[in-house]
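Novice: This is a predicted model, with the sequence first.
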Amino acid sequence: MTGLDAGSRRGRRQVAVAAANRCGADAGSRIGAEGGNAVDAAVAAMLVTCVTEPGIVSLAGGAFVTVDRGHGGTPVTVDGYVEMPGRGLPPEAFGQGTRGLFTDYGGGTSMTIGHGSAAVPGVIPALEEAHRRFGRLPWSMVVEPAADVSRDGFALGSASDYYLEYTRESMFSQDPVTRAAVHHPDGSPVRAGETMRIPDLADFLDRVAREGSAALMSGDVARALAEQMAAHGGLITLDDLAAYRPVLRPATPVELGPPGRRWRFATNPPPAIGGPVLAAMLMLLGECPTRGWDGADIAVLVRVMRAVLAHRSLELDLTDDRVAAGQALLDGVLASGQAWLGVAPSTAHISAVDTDGTACAITASTGYGSGITVPGTGVWLNNCLGEHELNRSGVHALPPGTRLASNMAPTVGRREDGASMAIGSPGADRITTALAQVISSVANGDLDLDEAIRRPRLHIRRTLEGAETLEYEEDLALDALDEDGWSGLPGRDELPRHPHHRASMYFGGVSAAVHHPDGRLTASADPRRNGATAISPAALPEPSP
C-alpha cells in the first residue's frame, strides 16, 4: 500500500495522482508542478502507463475518462472505447484473421487473437478530447513524459512480467516487432526490473504531441494499418479510423453515505456495462457499513454480487440495446431497493484530484492483446473483439461502428462537505466488485481510504454457463459466517469457495485520490498491482493579466 498526503498553499495548485506504477505517478506529479490540473495530470499518467505496462494496456485500446469539475456542474464521461470495425467491407471479409488461444492466466483464460481480433482504437482520441475540454496545459506538454520514458526505456513492472509469462511466446512472439520488445537480443526474455525499450514508440509519441490523435487515425500510419489489416484478414479500414469519435455522456449518479457526509458518485454510463453494474451494487448495499466484516456484512456483499452479476450475465451481456438495459437495471433497483434481490487481463487505471476540487478518473484497456503492432509505431493493438466474456454473440457479430461492451467504471465523487474523489480499478469483471467494496467502506463505513483498499476482498466468479464460485482472499474471515449470516442466500450449500493469497492481483488494483475540505490532498494505490502515488509540488500561481 502506498499513501501520500499534502496540504495546499493559497493560490498555488497541487495535484495528487494514484497510478499503476511509479513512472505514471511521477508523470502526473511533473505535469502538476508545471501548472497542470487534475485532468492534465491524469492524461499524462495514462499515456505513460500505456507505454510502461506492456501487455496490460496500450495506446491502441479503448478508454473512459470521467471528470467532475465541481462548482455545481454535472460530471461527464468521455467514452473512448473501441468500436466494431469493418465499414465498407463485403460480408465475406468477416470471420477471418483470427486464432484461438488458451492460457493458464487467471486460472485459465480462452481468447481470440490476431489481426481479426482488433477493434477500432479510442485511447488517444479519448485522452485528447478530455484534455481539449478540461485541461489547462498545451497538449504537447502533456504527451512529453510518455515520449521521454519511451526514449529512455523503463523497468518492466511485475504486473506486466506476470502476464507476459503466460503470453510472451504464444502471443507476443508471433509479430517480429513485439518479439523484439519482450526479448533481449540474445533471445532471453526481458524480466521484471530489467530495462525495456519498444522500437519506434518514442518517435510515434513525438508525432502524437504535434498532431494529436490524427497521428494514428489518419495519414500514413492509418493507411499502413488498414493495408496490414487487409493483408491478414483484419477488419479495421480507413473509413473506420476516419469515422471514430469520442462521445461525451452524462455520468451515471449514485448517492451513498449518512446524512451530513453523503457522497454523490458518478460513474461510466451505458452503453458500458461496468458503470451500471457498479451503481446497482452500491445502491443495493444501501446503508450497510461493511465495517466489521462479520458474517452479516459478508452475506450482504455476497448476496448483492450474486444478484447483480447474474442479472448482468442473463440480461446486459446479451441485449442488443445496452443503453436501455443498463437504465432498466438502475430503474428497477431504485424502485424496488432490496426487494430487487428477489428476497422479501486487462486494464489500467489513473485517479487524480487537484486543489481546485477537480477530479478525473481514467480507465483504459487493450483486452488481452492481439499480438500485432501498428506498423511503424511500436503501438500494440487490442484484441477486444476476442474477449469472449464481453462478446457473447461472437467475435465478428456486431454491426460496424458499434461500441463494444466494457467492464470499466472510472468514478468520481463529491461529498456534502466539499470533499472530492477520483477512484477506479483494473481487473476485468472484478472491477465492479472491488470498487463496490472500497467505495462502500469509505462512504458507508467512513473508513480511511488506505484501510478500505487494504481490506481483504471477495468476488463471485460466474462462468458463461452460470456456475458460481466464491473467490476470496485468505485473510477474509469466512469462518464468521453462520446459518443466520447466510440467510437469504439461495443455494449457499452449493457455492464452492476458492481461496487466494493475501493482496492477490486477481482482485483488481484500486487507486484513488481525494481532495479534502481543508485543502489537503491524499492518494492511495493498491498493493495488489504495485501501484504508486505522487503529489506535485505547488505550481506557481498564474500572473495577473
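Specialist: Noted; the coordinates are in hand.
Novice: which residues pair with Thr363 across the strands?
Specialist: Phe64, His349 (DSSP bridges).
Novice: From Ala419, how far out is Thr347?
Specialist: With distances taken as Cβ to Cβ, to the nearest Å, Thr347 is found 26 Å from Ala419. All C-beta atoms are positioned from the backbone trio N, CA, C, and that covers glycine.
Novice: the more surrounded of those two?
Specialist: Ranked by neighbour count (other Cβ atoms under 10 Å), Thr347 and Ala419 place Thr347 first, with 29 against 19.
Novice: Is it correct that the more buried one is in contact with Ser365?
Specialist: Yes - using Cβ atoms under 8 Å, Thr347 is in contact with Ser365, at 4.3 Å.
Novice: okay, and the common contacts of those two?
Specialist: 57, 408, 426 (Cβ atoms under 8 Å, 6 or more residues apart in numbering).
Novice: which residues does Val76 contact?
Specialist: Remark: with contacts taken as Cβ under 8 Å, 6+ apart, Val76 is in contact with 66-67, 248-251.
Novice: Now do the strands in the stretch 401-545 of the chain.
Specialist: Counting by DSSP state E, counting those that start in this stretch, one finds strands in the stretch 401-545 of the chain at the ranges 411-415, 420-424, 458-462, 468-473, 497-500, 511-515, 521-525, 532-535.
Novice: Dump those strands into JSON lines; add mean pLDDT and distance to Ala180 as well.
Specialist: Shown next, in JSON lines, are the strands of the stretch 401-545 of the chain (pLDDT from 0 to 100; distance: least, Cβ to Cβ, whole Å):
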{"stretch": "strand 411-415", "mean pLDDT": "96", "distance to Ala180": "38"}
{"stretch": "strand 420-424", "mean pLDDT": "97", "distance to Ala180": "32"}
{"stretch": "strand 458-462", "mean pLDDT": "89", "distance to Ala180": "36"}
{"stretch": "strand 468-473", "mean pLDDT": "89", "distance to Ala180": "37"}
{"stretch": "strand 497-500", "mean pLDDT": "88", "distance to Ala180": "35"}
{"stretch": "strand 511-515", "mean pLDDT": "96", "distance to Ala180": "31"}
{"stretch": "strand 521-525", "mean pLDDT": "95", "distance to Ala180": "31"}
{"stretch": "strand 532-535", "mean pLDDT": "95", "distance to Ala180": "28"}
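Novice: any idea which of the ones you listed is most buried?
Specialist: Across the strands of the stretch 401-545 of the chain, averaging neighbours per residue (mean count of other Cβ atoms under 10 Å) puts strand 511-515 on top, at a mean of 31.
Novice: one step back: can you list the strands of the stretch 401-545 of the chain in a markdown table and add distance to Asp356?
Specialist: Converted to a markdown table, the strands of the stretch 401-545 of the chain look like this (distance: least, Cβ to Cβ, whole Å):
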| stretch | distance to Asp356 |
| --- | --- |
| strand 411-415 | 13 |
| strand 420-424 | 9 |
| strand 458-462 | 36 |
| strand 468-473 | 37 |
| strand 497-500 | 40 |
| strand 511-515 | 8 |
| strand 521-525 | 11 |
| strand 532-535 | 14 |
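Novice: Name the residues of the lengthiest helix in the chain that are buried.
Specialist: Among the segments of the chain that qualify as a helix by DSSP state H, the longest is helix 295-311. Across helix 295-311, burial judged by 16 or more other Cβ atoms under 10 Å covers 295-309, 311.
Novice: Out of the contacts of Val76, which is nearest to Ala266?
Specialist: Nearest to Ala266 out of those is Ala251 (Cβ to Cβ; 3.6 Å).
Novice: Quick check: the gap between that closest one and Pro496.
Specialist: Applying Cβ to Cβ, the value for Ala251 to Pro496 is 36 Å.
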